[in-house]
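Engineer: please work out how this folds:
(one chain, ligands or ions: 2)
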Amino acid sequence: MIRLMTASLLPERARVFVAGHRGLVGSAVARRLAADGHEVLTRSRAELDLRDAGRTAAELAVLRPDAVVLAAAKVGGIMANSTRPVQFLEENLQIQLSVIAGAHAAGVDRLLFLGSSCIYPKHAPQPIGEDALLTGPLEPTNEAYALAKIAGIVQVQSYRRQYGASYISAMPTNLYGPGDNFDLETSHVLPALVRRFHEAVAEGRDEVVLWGSGSPRREFLHVDDLAAACAVLLRSYDADEPVNVGCGSDLTIRELAETVADVTGFTGRIAWDTTRPDGTPRKLLDISRIESLGWKPVIPLRDGIAATYAHWRAGLGR
Ligand SMILES: NC(=O)C1=CN([C@@H]2O[C@H](COP(=O)(O)OP(=O)(O)OC[C@H]3O[C@@H](n4cnc5c(N)ncnc54)[C@H](OP(=O)(O)O)[C@@H]3O)[C@@H](O)[C@H]2O)C=CC1
Ligand SMILES: C[C@H]1O[C@H](OP(=O)(O)OP(=O)(O)OC[C@H]2O[C@@H](n3cnc4c(=O)[nH]c(N)nc43)[C@H](O)[C@@H]2O)[C@@H](O)[C@@H](O)C1=O
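Structural biologist: Numbering: from 1, shown residues only. Ligands and ions are numbered 1, 2, ... in the order given. Now for the predicted structure:
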């Protein structure tokens with residue numbers, strides 16, 4: 001049962017530990033929480049490797065935050081996931097075990113765990129409701145990562161059931177925005193396309209080769225919209241079921257490529273390397289649960305891509 005809360009579950013000026021604050025999601029969540037008047041607590045990976053359960057528990061016991069947002073993870077696009085399943089399984093399980101158990105041991109009242117839409121079965125009915133979890137086989141290119149994330153959801157639910165902890169999970173769709181990973185081998189598709197088209201224009205090339213067939217459909221949410229959803233969930237959601245966070249519509253990778261080409265000024269040919277994997281054919285999320293809490297996405301895809309491109313270009317110093 002979903003309980004809608006009237007009083008906020010997050011105190012005003014709360015002290016919130018954001019794990020993974022240098023990443024795409026963690027940095028956006030940290031900006032959002034700071035703007036809402038909260039105190040954001042952080043530790044860099046050099047200061048605290050979150051796979052180390054003993055050190056993580058000790059650090060959380062000293063910090064004693066009011067809430068934890070778990071946005072630290074081993075993350076990557078389709079090639080990274082399919083070629084390094086051991087790291088995607090083990091590092092994510094280790095981080096989740098350390099942070100969730102450590103938060104509970106330190107008496108942390110609220111925790112938000114971030115999973116991913118890839119936890120749902122490859123052929124789930126669309127749009128995918130939260131109740132599709134564990135109803136069918138997973139997409140093979142990210143099965144190891146998805147299983148680690150599913151373990152995280154069950155870990156959160158178990159702390160709720162056994163200890164009454166007010167811990168919750170959110171399942172975002174594919175995300176993009178400032179601070180994304182633009183490495184062509186390990187990134188997700190959107191930053192990869194921005195970089196590929198930008199470099200083709202800069203080098204005067206008239207063809208860009210992309211991966212797969214171009215026919216898979218994906219849903220893209222700007223990370224600032226996700227961060228706003230996280231703030232809503234921390235304030236007002238307290239139930240077992242994970243909450244999907246998406247924008248409510250999807251497009252083909254080919255259509256995404258045409259949009260990114262337009263934003264970056266590329267007018268040449270787009271070719272498809274079908275020796276590269278397509279991944280899951282479609283994963284559009286049903287977002288009625290998060291919308292019922294009063295959240296909706298506000299950043300249109302084209303505007304978000306243009307802002308992300310401008311941010312990345314500024315970082316290149318060009
Ligand atoms: N990006 C996306 O499209 C989507 C992301 N998500 C979820 O959002 C969350 C965050 O993803 P995203 O921001 O994209 O990922 P990033 O790779 O951008 O950020 C991950 C962060 O985790 C930190 N981290 C990783 N391992 C460790 C470790 N052992 N110790 C300490 N810190 C560590 C990284 O530190 P460092 O900076 O040192 O590398 C980095 O700050 C993940 O749970 C992911 O599943 C869900 C759906 C889509
Ligand atoms: C968020 C989500 O992200 C991953 O799943 P994915 O959505 O399949 O990943 P992706 O963004 O890398 O690719 C999307 C589509 O785009 C195509 N594609 C074309 N050209 C490029 C390209 O140049 N780079 C990449 N990466 N993909 C390309 C690619 O072939 C595929 O069809 C998992 O990590 C999963 O675990 C997860 O949670």
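Engineer: tell me the pLDDT at residue 4?
Structural biologist: At residue 4, the pLDDT value in this model is 54.
Engineer: what does residue 114 give?
Structural biologist: What the model reports for residue 114 is a pLDDT of 98.
Engineer: likewise for residue 316?
Structural biologist: With respect to pLDDT, residue 316 has a value of 82.
Engineer: could you tell me how many residues sit around it?
Structural biologist: 10 (other CB atoms under 10 Å). C-beta here means a position set from N, CA and C on the backbone, and glycine is covered the same way.
Engineer: residue 262 versus that one, what's the distance?
Structural biologist: Counting by CB to CB, to the nearest Å, the separation of residue 316 from residue 262 is 20 Å.
Engineer: check residue 287 too.
Structural biologist: Taking CB to CB, one finds residue 287 at 27 Å from residue 262.
Engineer: now residue 299. Nearest residue, chain neighbours left out?
Structural biologist: Among residues not flanking residue 299 along the chain, residue 222 sits closest, at 3.9 Å (CB to CB, 6 or more residues apart in numbering).
Engineer: OK, contacts around the residue in the chain sticking out farthest from the centre?
Structural biologist: What lies farthest from the middle of the chain is residue 204; by CA atoms, centre = their mean that is 33.9 Å. Contact analysis of residue 204 by CB atoms under 8 Å, 6 or more residues apart in numbering lists nothing.
Engineer: more neighbours: which of residue 287 and residue 262?
Structural biologist: Between residue 287 and residue 262, counted using other CB under 10 Å, residue 287 has the larger neighbour count: 24 against 14.
Engineer: does that one touch residue 245 like I think?
Structural biologist: Yes - between residue 287 and residue 245 there is a contact under CB atoms under 8 Å: 6.8 Å.
Engineer: residues contacting the residue in the stretch 1-150 of the chain that ligand 2 sits nearest to?
Structural biologist: Scanning the stretch 1-150 of the chain for the residue nearest ligand 2 gives residue 77, at 2.7 Å (criterion: CB to the nearest ligand atom). For residue 77, the contacting residues are 186-189, 192, by CB under 8 Å, 6+ apart.
Engineer: so what's the residue of the stretch 1-150 of the chain found nearest ligand 1 closest to, chain neighbours aside?
Structural biologist: Ligand 1 sits closest to residue 23 of the stretch 1-150 of the chain, with a gap of 2.0 Å, by CB to the nearest ligand atom. Among residues not flanking residue 23 along the chain, residue 71 sits closest, at 6.1 Å (CB to CB, 6+ apart).
Engineer: now do the phi/psi pair for the residue farthest from the centre of the chain.
Structural biologist: The phi/psi pair for residue 204 (degrees, to the nearest 10) reads phi 70, psi 20.
Engineer: go on, the one 3 residues further on?
Structural biologist: With angles defined as degrees, to the nearest 10, residue 207 sits at phi -140, psi 140.
Engineer: just give me the neighbour total for it.
Structural biologist: For residue 207, using other CB under 10 Å, the count is 10.
Engineer: was I right about it contacting residue 267?
Structural biologist: No - judged on CB under 8 Å, residue 207 makes no contact with residue 267 at a distance of 11.2 Å.
Engineer: residue numbers of the stretch 151-300 of the chain in contact with ligand 2?
Structural biologist: 174, 187-189, 192, 210-212, 216, 218, 253, 276-280 (CB under 6 Å from any ligand atom).
Engineer: the same query, at a cut-off of 8 Å, please.
Structural biologist: Proximity of the stretch 151-300 of the chain to ligand 2 (CB under 8 Å from any ligand atom) is limited to residues 172-175, 184, 187-190, 192-193, 196, 210-214, 216, 218, 253, 256-257, 272, 276-280, 283.
Engineer: just the ones of the residues you listed in strands?
Structural biologist: 172, 174-175, 210-211, 218, 272 (DSSP state E).
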